[in-house]
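Student: compute the structure for the input listed below.
(one chain, ligands or ions: 1)
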Amino acid sequence: MADYRVPLQDMRFVLFDVLQSPQLWQSLEGLGEVDEDTAAAVVEEAAKICEQVIAPLNREADEVGCHWSSGDVTTPPGFREAYQVFNEGGWGALGGNPAYGGMGMPKSLVSAVEEMLQGACMSFGLAPMLTAGACLALDAHGSDQLKETYLPKMYSGEWSGAMDLTEPHAGTDLGLIRTRAEPQTDGSYRLYGTKIFITWGEHDMAENIVHLVLAKLPDAPTGTRGISLFLVPKFVPATDGSLGPRNALVCGALEKKMGIKGSATCVMNFDGAQGWLVGEVNQGLACMFTMMNYERVVVGIQALGAAQWAYQNAVDYARERVQSRSPAGPQNPQHEADPLLVHPDVRRMLLTAKAYNEGGRAFYVYVAQWLDMAKFTDDAQLRQRAQNRVALLTPVAKAFISDMAFESAVACQQVFGGHGYIREWGQEQFVRDIRITQIYEGTNGVQAMDLMGRKTIATDGALLAEYLAEVREFMTANEVALATLSLGEPLAAAVKTLEGITRELIDRAAADPCNIGAAAVEYLHLLGHVSYAYLWAKMACVAQAGDTNAFLDGKVKTAQFYFAHLLPRIEGLAASLKNGAATMMALGEEQF
Ligand SMILES: Cc1cc2nc3c(=O)[nH]c(=O)nc-3n(C[C@H](O)[C@H](O)[C@H](O)COP(=O)(O)OP(=O)(O)OC[C@H]3O[C@@H](n4cnc5c(N)ncnc54)[C@H](O)[C@@H]3O)c2cc1C
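Tutor: A predicted model of the protein is given here:
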């Protein structure tokens, strides 16, 4: 199996040449000191740890998994040591608030580090990922005292974070949760209930684990309006910050699961555990969503990271394995057969993965740049525009990147034939691992309903119109280059298709309440394909303008493959979307 290689050249190309991040950072208050040299050094240093320390753990972690004994969880071999190295390097603090020991780096840079961390080992990467998510929620909504006590220890990795939302009967519909929080006279709360599927809810890598838990007060309104957010530590810190008594929460069991087997997926029992309110009473879901907007992108990035390694493994295999002759005649006459790489169908699979992976990389950096603008600008108008773009594209970044990453991983597994199905070559692990990214942090179906309902129909298409105006500006400014590349016309046609179908869906939404749910996933895929087309067009223009080399030439050719073979999928999606919900709802329940 190929060793994981961080795609540094592509990361630099996207960050610096195509999306010109340093210019953006320097225009934003608080990011002025981050220049290209600093950013390049950050990604290079992170790459060393990911390739040399974390990636080598990936396979054994999948085989050995985590072990539970009397409430304690033992992590796979090497995880504790790697966690130490990761934190000694300060990587957990990269995007954190400098007021509490964070480094305040832009999301568009942090996201590249996230890709390599998750690419190296998803199971391991989930621990810092959840800690970063918990820190964001705490930083945005916690009291000063909570922030002072917890954030420095969490940025340093001494304490890790977990997000406790799901219960056995409440996943998507969090309004149904039953965990209750009883107020105490000292201002704290006691929590009672059971949470399931809690990633890294218990483990042996950090000395304390900080749970952010959704629960209801005794007099809370029903449904989602009655949910509050609480911080519940495994060990309650003493006033000087040192570890105090063990709190009344325990990991009751670990789930056995399809993938990310190196991570602990915990049942967490709260039996009067002491907790503190984060944010306002009954505003728990809103507090979680502040964080989730920021973190959902990471789930897409996570999927892409693993799909990149699957692609590298498949390319190496396709170069070495010889089977049959090329339809164009022998390419390797001194051997009895040609390498797999000569076969058009194998190239289709590899190019599909390459085009979705590299398109996805440009897309997540693009979305992360808008997150940076929303967070760091002083200009109210720009902030609003950035918040709009983030609102529109976050569900696409989570769901489209992960759906396409899964497709890429399956295509790369197929390149191996039967060898992709057995353990030896490592390909089946990528497929199993990536699959969860389509499910957790809100299923992709639910992301699509958010895009369709709240972001598109409720705004009468206004957020999309702002976005497409930017795409049109780009097309006008690059008319000649796009025409030379034969990308201008198909991009303009794709934008028109998206606009037309959006108007049709908005107009039809009121007629049948089922139309939104029926259209949502296909609509998200349509918008995702057009977004990748926009970014592929940008990449091709920059590549075309540079001095010719194999990397840039490959970019232009992959862009042309994307436009020729993947973008046309939108025509099929549009045709299906036009047919609405009627045939989906026609079948009687008993007919299933
Ligand atoms: C390995 C793993 C790790 C996880 N980590 C965490 C964690 O750290 N913290 C945490 O809190 N949770 C975690 N989860 C839980 C995860 O976020 C939920 O499983 C997920 O949100 C879906 O909830 P559910 O499983 O209850 O499915 P359900 O909500 O029962 O949904 C089942 C199906 O119905 C669909 N559906 C539901 N409602 C609607 C609707 N209104 N319209 C259309 N379709 C709908 C869904 O899209 C889905 O396809 C994890 C899960 C797994 C498997």
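Student: going by C-alpha atoms from here, please, whenever you check contacts or count neighbours.
Tutor: Will do.
Student: Ala215 versus the residue in the stretch 1-150 of the chain positioned nearest to the ligand, what's the distance?
Tutor: Per CA to the nearest ligand atom, Leu130 is where the stretch 1-150 of the chain lies closest to the ligand, at 7.5 Å. Distance, Leu130 to Ala215, using CA to CA, to the nearest Å: 19 Å.
Student: more neighbours: which of these two?
Tutor: Legend: neighbour count by other CA atoms under 10 Å for Leu130 and Ala215, higher for Ala215 (29 against 20).
Student: from the chain's centre, how far out does stretch 271-282 sit?
Tutor: The chain centroid and the centroid of stretch 271-282 are separated by 28 Å under CA atoms, centre = their mean, to the nearest Å.
Student: offset the numbering so it begins at 867, please.
Tutor: Okay, using 867 as the starting number, the last item reads as stretch 1137-1148.
Student: about what we covered before: what pLDDT does the residue of the stretch 867-1016 of the chain closest to the ligand get?
Tutor: Note on Leu996: pLDDT of 96.
Student: same deal with Tyr1177?
Tutor: Model confidence at Tyr1177 (pLDDT) stands at 98.
Student: what parts of this structure come near the ligand?
Tutor: Applying CA under 6 Å from any ligand atom, we find that the chain lies next to the ligand at 1029-1032, 1036-1038, 1063-1065, 1131, 1305-1309, 1311-1312.
Student: ok, the residue of the stretch 867-1016 of the chain closest to the ligand - contacts?
Tutor: By CA atoms under 8 Å, 6 or more residues apart in numbering, Leu996 lies in contact with 1026-1029.
Student: Val900 too?
Tutor: Contacts of Val900 (CA under 8 Å, 6+ apart): 888, 891-892, 971.
Student: for ChimeraX, what selects the buried ones among the residues of the chain next to the ligand?
Tutor: Selecting only the buried members of the residues of the chain next to the ligand in ChimeraX, with burial defined as 16 or more other CA atoms under 10 Å, works like this:
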select :1029,1030,1031,1032,1037,1063,1064,1065,1131,1307,1308,1309,1311,1312
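Student: can you name the residue of the stretch 1067-1216 of the chain nearest to the ligand?
Tutor: Counting by CA to the nearest ligand atom, the stretch 1067-1216 of the chain gets nearest the ligand through Thr1131, at 5.8 Å.
Student: go on, the stretch 1167-1316 of the chain?
Tutor: Closest point on the stretch 1167-1316 of the chain to the ligand, by CA to the nearest ligand atom, is Tyr1306, at 3.7 Å.
Student: can you classify that residue by secondary structure?
Tutor: coil (DSSP: H, G, I helix; E, B strand; the rest coil).
Student: pLDDT value on it, please?
Tutor: Reported pLDDT for Tyr1306: 96.
Student: and it, how far is that from Ile1064?
Tutor: 11 Å.
Student: burial check on the residue lying closest to Ala1265 once chain neighbours are set aside, number of neighbours?
Tutor: Nearest residue to Ala1265 in three dimensions, chain neighbours excluded: Asn1310, at 4.9 Å (CA to CA, 6 or more residues apart in numbering). Close neighbours of Asn1310, defined as other CA under 10 Å, add up to 23.
Student: for the one 5 residues further on, same thing?
Tutor: Neighbourhood size, Met1315 [other CA under 10 Å]: 21.
Student: was I right to think it contacts Val1387?
Tutor: Yes - Met1315 is within contact range of Val1387, at 7.4 Å (criterion: CA atoms under 8 Å).
Student: tell me which residue lies farthest from the centre of this structure.
Tutor: For the chain, the residue at maximal distance from the C-alpha centroid (CA atoms, centre = their mean) is Gln1200, at 45.7 Å.
Student: report the contact partners of the residue nearest to Ala1265.
Tutor: Taking CA under 8 Å, 6+ apart as the definition, contacts of Asn1310 comprise 1264-1265, 1304, 1387.
Student: how close does it get to Arg1162?
Tutor: Taking CA to CA, one finds Asn1310 at 11 Å from Arg1162.
Student: and for Thr1060?
Tutor: Taking CA to CA as the measure, Thr1060 falls 24 Å from Arg1162.
Student: what does Gly1283 give?
Tutor: 33 Å.
Student: cool, and Val1147?
Tutor: 24 Å.
Student: for the residue nearest to the spatial centre of the chain, what are its contacts?
Tutor: Among the residues of the chain, the one closest to the centroid is Val1165, at 2.1 Å (CA atoms, centre = their mean). Neighbouring residues of Val1165 by CA under 8 Å, 6+ apart: 1264, 1268, 1303, 1307.
Student: shouldn't the last one be in contact with Val1163?
Tutor: No - with contact defined as CA under 8 Å, Glu1307 does not count as touching Val1163 (10.1 Å).
Student: quick one, helices of the stretch 1167-1316 of the chain?
Tutor: With DSSP state H, counting those that start in this stretch as the criterion, the stretch 1167-1316 of the chain has helices at 1210-1242, 1246-1280, 1293-1301, 1310-1315.
Student: so who does the closest residue in space to Glu1121 that isn't next to it in sequence touch?
Tutor: For Glu1121, ignoring the flanking residues on the chain, the nearest one in space by CA to CA, 6+ apart is Thr1131 at 5.5 Å. By CA under 8 Å, 6+ apart, Thr1131 lies in contact with 1062-1067, 1120-1121.
Student: next one: Thr1131 from Ile1064, what distance?
Tutor: In this view, Thr1131 and Ile1064 are 5 Å apart by CA to CA.
Student: overlap in contacts of these two?
Tutor: Both Thr1131 and Ile1064 lack any common contact, where contact means CA under 8 Å, 6+ apart.
Student: can you give me the buried ones in the host helix or strand of Cys1153?
Tutor: Taking DSSP states H and E as the definition, one finds Cys1153 inside helix 1150-1186. Residues 1150-1154, 1157-1181, 1183-1184 are the ones in helix 1150-1186 that count as buried (16+ other CA under 10 Å).
Student: any chance of the contacts of Leu996 in JSON lines, plus secondary structure and pLDDT?
Tutor: Converted to JSON lines, these look like this (DSSP: H, G, I helix; E, B strand; the rest coil; pLDDT from 0 to 100):
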{"residue": "Ser1026", "secondary structure": "strand", "pLDDT": "98"}
{"residue": "Gly1027", "secondary structure": "strand", "pLDDT": "97"}
{"residue": "Ala1028", "secondary structure": "strand", "pLDDT": "96"}
{"residue": "Met1029", "secondary structure": "strand", "pLDDT": "96"}
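Student: tell me the most packed of those, by neighbour count.
Tutor: Per-residue neighbour counts (other CA under 10 Å) across the contacts of Leu996 peak at Ser1026, which has 31 neighbours.
Student: what sits against it?
Tutor: Ser1026 neighbours (CA under 8 Å, 6+ apart): 993-994, 996-997, 1020, 1072, 1074-1076.
Student: out of those, who's the most crowded?
Tutor: Result: Met1020 is most packed of the contacts of Ser1026 (other CA under 10 Å), 28 neighbours.
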